[in-house]
Structures are given as structure tokens and as C-alpha cells.
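Q: Could you work out the structure for the sequence below:
(one chain, ligands or ions: 2)
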Amino acid sequence: MDWDDEGPPDLVGAGGELASEETPVKVPITIVTGYLGAGKTTLLNYILTAEHGKKIAVIMNEFGDSLDIEKSLTINKDGESVEEWMEVGNGCICCSVKDTGVAAIESLMEKKGKFDYILLETTGLADPGNIAPMFWMDDGLGSTIYLDGIVTLVDAKNILRSLDDPAGKVEGHEETDDAHGPVMTTAHVQISHADVVVINKSDLVSELELQAVRDRIESINGLAKIFVTSQSVVPHLEGFLLDLHAYDSVKELDRPGLGHSHIDKTISTISIPLPIMTETQQSALDAWLRSVLWENVLPGHTPSDGPAYDIHRVKGRFFAHDGREKFIQGVREIFDVFDNPSEQPDPDVSRVGKLVLIGRHLDRFDFGKSLADAVGEAPPT
Ligand SMILES: Nc1nc2c(ncn2[C@@H]2O[C@H](COP(=O)(O)OP(=O)(O)OP(=O)(O)O)[C@@H](O)[C@H]2O)c(=O)[nH]1
Ligand SMILES: [Zn+2]
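A: Ligands and ions are numbered 1, 2, ... in the order given. Model prediction:
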């Protein structure tokens, strides 16, 4: 379907059926990251050629890659935002958008019609925590896309070395660097922000090595779903790359043993219980989150000379005193507290409130005590 330069007609959805004007269908975007050579392009090429009956836009935000599919798309026009695309038989479109912001993607959709899904491949050195907030928009802003999740590919053979390699240190985090402590590498940052981690190149390692990789990843990010692949061949797309709903569901909070692994010395996952809360306590929680995430100040903690903490991902759930279930979602300094968006609360979900933090140097501070002091006990029922 081609739209003219006026942009998409308001009342017609991607399938041609009438869509209500108040609730335009939003297109989910998945960010695909992974260290150099992990298999991102192999994965996206697989999706572009697989039979899945979906209209997927694969956007490559990298230039000069050696693979032909990317070479044919490499364009550069005086630093301007340029788009070039290639249509694929199965309804997919592969394109290279230099400026991958929301506006560039919306302009691509105006020209090519709406997609069912958008996959954005970042460069191997990208920090997904810098990209995700671009797609985290308030409904009020009328964006036509929403962030479905972050998928990080790791190379089973090289990931442990990448995590321990001082040369892979992330730039821009020097202020929190510890003179003798472990370094935070790009590999750490890509794993800590992930909603799904794909351990690729499993053909190159033994079962034992694979288990060590899995343990290390779980210790960094206790919330991510982990899949193991070879040649980036994924068994299914839903829940793996598409329909992740990583920012509107919190199912993984009930995983047993969450936040109990301390194998990785740099980044860890911690889990803090949350009581049933009154309005006042919810305001206190909100103030606590603002202090911790926006000001980097842990309430009740006296600043010392040691390194500061760095929070990459926040996810939580609690129950309000009136029975409503609330979710907490955050990436870096952005966070949101909202009602469980599903009409039917999951009956399997335990009614235990919990806040999970993923970040750096979390073990040096008592986040649990600080939060408990801030919100207090559950109200009497
Ligand atoms: N043995 C093995 N090789 C693989 C596998 N998946 C990908 N490769 C190879 O690994 C190399 C890198 O794969 P790419 O898909 O280009 O990786 P990438 O993440 O896009 O790499 P950059 O764009 O350079 O960051 C290619 O030569 C692939 O053929 C796998 O599961 N096993
Ligand atoms: Zn690539």
C-alpha cells in the first residue's frame, strides 16, 4: 500500500480495516544489539527471508558492514537524514536510516505504509540505554511507534572474554570508575539493558562453556529471557524478537532465585520487596525513585568516597491498598508507574510486590533498607 505525500489517511489501518481515530494502532519496535560479530546481521537476514506472513521493517543503523545486503544500502548524503530501502518478497522491507529517531521512522512509514513490526539493528558498540529512551514516549505525544523490547545477541565463544576485556570499557562512565575495580564493558551494558539475550554461535562451544555463559548473563541481568541459537536461527519470532511486551508486562519478576547471583563483579540484579501501599506510600515510592534515578542520591545514605551506583533497568509490581495492581518500568533515568494495562490480571501471578534493579555497584549500597525506610510498612487491612 502506498500513501501519498500527505501522510497516512487517519482512518485506515495497515490491513485496510477501519481503525478508530482515538486509538491509532501503534507499531512495536524491537532494538537488536550485540557486540561486534555476535550475529545481528545474520539474524536480521534470516528474518528478511523467512516465511512469516508479517510486514517487518528491518532498519540497519550501521554503515560499511561487509555483508552485501548492507553494502547495497549504504548511503550518505551530506550528513542529512536519508532513507533507502529494499523490498523483500515476503513483505519485509530492509532499510538503512541514518537518523534512527522516531521522526525518521515515521517518515519511512508515511512513504511505505505501516509495518506490523520494526526491528532496529544497532552498531556493535551501541549502548541500548541511549537508544531506548528515544522510543519511550508518552501516549499524549501521539507517537505511532512504541518500544517493545531490547534483544541482545552474544557470541557464545567470545562473550566471557568481552566481559573481562578492559579495552571494551564503555566511554562516558568514567566518573563512576573504580581505580582498581572491574571495568564495565560495552558487553555488560548491552546485556544489562536486554529483555531477551540470544546466546548465538552455540555450535562453537561445549555444554559446559555454554552453562558458564548462561550463568554469567543471568548474574548480570536476572530479568532477561535467555535463548540459545546457532546461525541466529530462531525457532519462532513471537516472544523472541516480536511481541516481547517488555515494557508493559512484569511476568519475569516471579522467577525463582531472582537477584541472588553474584558471579559478575560489575553489574548485578537486586530484588527488593514492596508492601501493599496507601496513596501516601505510593507518593513516597515515587519520590524515592526520582531521587535514586534522577539525582543519583540514595535516600538515607551518606555519600562517601566510593564509586556511585548506576541503574540501567528498573522493573516492579505492587498492589495498592484499594486492590489495584501497579507496574513500574524504567530504563536509565526514565521511569513510569502505571496500572496493570491488561484487563484480566494474570491469575498465576503471585500477589507479592517487588522492585528489581539492574545496574552497577548496587552491592555497595543498602537499597532495600533505604526503600523500606522511605515507604514504611503495609497499611493495616
Ligand atoms: N560458527 C558460527 N558462526 C556464525 C553464527 N552466527 C553468525 N556467524 C558468523 O559470524 C560472523 C559475524 O556475523 P554477523 O551476523 O555479521 O554479526 P554482526 O553482529 O552483524 O556483526 P557486526 O555488524 O560486525 O557487529 C559471520 O561470518 C557469520 O557468518 C553461528 O551461530 N555460528
Ligand atoms: Zn552486522
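Q: Every contact and neighbour count from this point should use C-alpha atoms.
A: Fine.
Q: now the longest helix seen in the chain: how far from the chain's centre is it?
A: For the chain, the helix with the greatest residue count under DSSP state H is helix 207-220. Relative to the mean C-alpha coordinate of its chain, helix 207-220 is positioned 20 Å out (CA atoms, centre = their mean, to the nearest Å).
Q: Tell me if the very next helix or strand once past it is near ligand 1.
A: For helix 207-220, the following helix or strand on the C-terminal side (DSSP states H and E) is strand 225-228. No: Strand 225-228 stays clear of ligand 1 (CA under 6 Å from any ligand atom), getting no nearer than 9.4 Å.
Q: Run through the neighbouring helices and strands of the next helix or strand after strand 225-228.
A: For strand 225-228, the following helix or strand on the C-terminal side (DSSP H and E) is strand 267-274. Using 3 or more CA pairs under 8 Å, 6 or more residues apart in numbering; DSSP states H and E as the contact criterion, the neighbours of strand 267-274 among helices and strands are helix 207-220, strand 353-360, helix 367-375.
Q: And the next helix or strand past strand 267-274?
A: Read in the C-terminal direction, the helix or strand following strand 267-274 is helix 279-289, with elements assigned using DSSP H and E.
Q: quick revisit: and the longest helix of the chain, which residues are buried?
A: Within helix 207-220, the residues scored as buried using 16 or more other CA atoms under 10 Å are Leu210, Val213, Arg214, Asp215, Arg216, Ile217, Glu218, Ser219, Ile220.
Q: quick revisit: can you put the helices and strands packed on strand 267-274 in JSON lines and add distance to Val297 and mean pLDDT?
A: Supplementary listing: the helices and strands packed on strand 267-274 in JSON lines, determined by distance: least, CA to CA, whole Å; pLDDT from 0 to 100:
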{"stretch": "helix 207-220", "distance to Val297": "22", "mean pLDDT": "96"}
{"stretch": "strand 353-360", "distance to Val297": "14", "mean pLDDT": "95"}
{"stretch": "helix 367-375", "distance to Val297": "11", "mean pLDDT": "95"}
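Q: ok now do the residue lying closest to Leu258 once chain neighbours are set aside, which residues does it touch?
A: In space, not counting the residues next to it along the chain, Leu258 is nearest to Gly222; the distance is 5.7 Å by CA to CA, 6 or more residues apart in numbering. Contact criterion CA atoms under 8 Å, 6 or more residues apart in numbering gives Leu258, Gly259, Thr269 as the residues in contact with Gly222.
Q: Next one: Gly222 relative to Arg255, how far apart?
A: Between Gly222 and Arg255 the distance is 9 Å, computed by CA to CA, to the nearest Å.
Q: for Gly306, same thing?
A: Using CA to CA, Gly306 is found at 32 Å from Arg255.
Q: Then Leu237?
A: The spacing between Leu237 and Arg255, counted by CA to CA, is 22 Å.
Q: How about the residues of the chain by ligand 1?
A: Proximity of the chain to ligand 1, by CA under 6 Å from any ligand atom, involves residues 34-42, 65, 123-124, 200-204, 230-232.
Q: Can you flag the buried ones in these?
A: A residue is treated as buried here by neighbour count (16+ other CA under 10 Å); on that basis the buried members of those are 34-35, 38-41, 123-124, 200-202, 230, 232.
Q: Nearest to ligand 1 within the stretch 51-200 of the chain, name that residue for me.
A: Here the residue of the stretch 51-200 of the chain nearest ligand 1 is Gly124; by CA to the nearest ligand atom that distance is 4.1 Å.
Q: is it true that that residue lies in a helix?
A: No: counting by DSSP: H, G, I helix; E, B strand; the rest coil, Gly124 is not part of a helix but coil.
Q: who touches it in this structure?
A: Residues counted as contacts of Gly124 (CA under 8 Å, 6+ apart) are Thr33, Gly34, Tyr35, Leu36, Gly37.
Q: Format those as JSON lines; extra columns: pLDDT, distance to Asp164 and secondary structure.
A: Converted to JSON lines, those look like this (pLDDT from 0 to 100; distance: CA to CA, whole Å; DSSP: H, G, I helix; E, B strand; the rest coil):
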{"residue": "Thr33", "pLDDT": "94", "distance to Asp164": "19", "secondary structure": "strand"}
{"residue": "Gly34", "pLDDT": "93", "distance to Asp164": "16", "secondary structure": "strand"}
{"residue": "Tyr35", "pLDDT": "89", "distance to Asp164": "13", "secondary structure": "coil"}
{"residue": "Leu36", "pLDDT": "87", "distance to Asp164": "15", "secondary structure": "coil"}
{"residue": "Gly37", "pLDDT": "90", "distance to Asp164": "17", "secondary structure": "coil"}
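Q: Going by distance to Asn340, which of the residues you listed wins?
A: The nearest member of the contacts of Gly124 to Asn340, counting by CA to CA, is Thr33 at 28.1 Å.
Q: Need the nearest residue in space to the closest one, chain neighbours excluded.
A: Here the nearest residue to Thr33 in space, its sequence neighbours aside, is Thr152; by CA to CA, 6+ apart that works out to 4.7 Å.
Q: hang on, the earlier thing: of the contacts of Gly222, which one scores lowest on pLDDT?
A: Looking at the contacts of Gly222, model confidence by pLDDT dips furthest at Gly259: 78.
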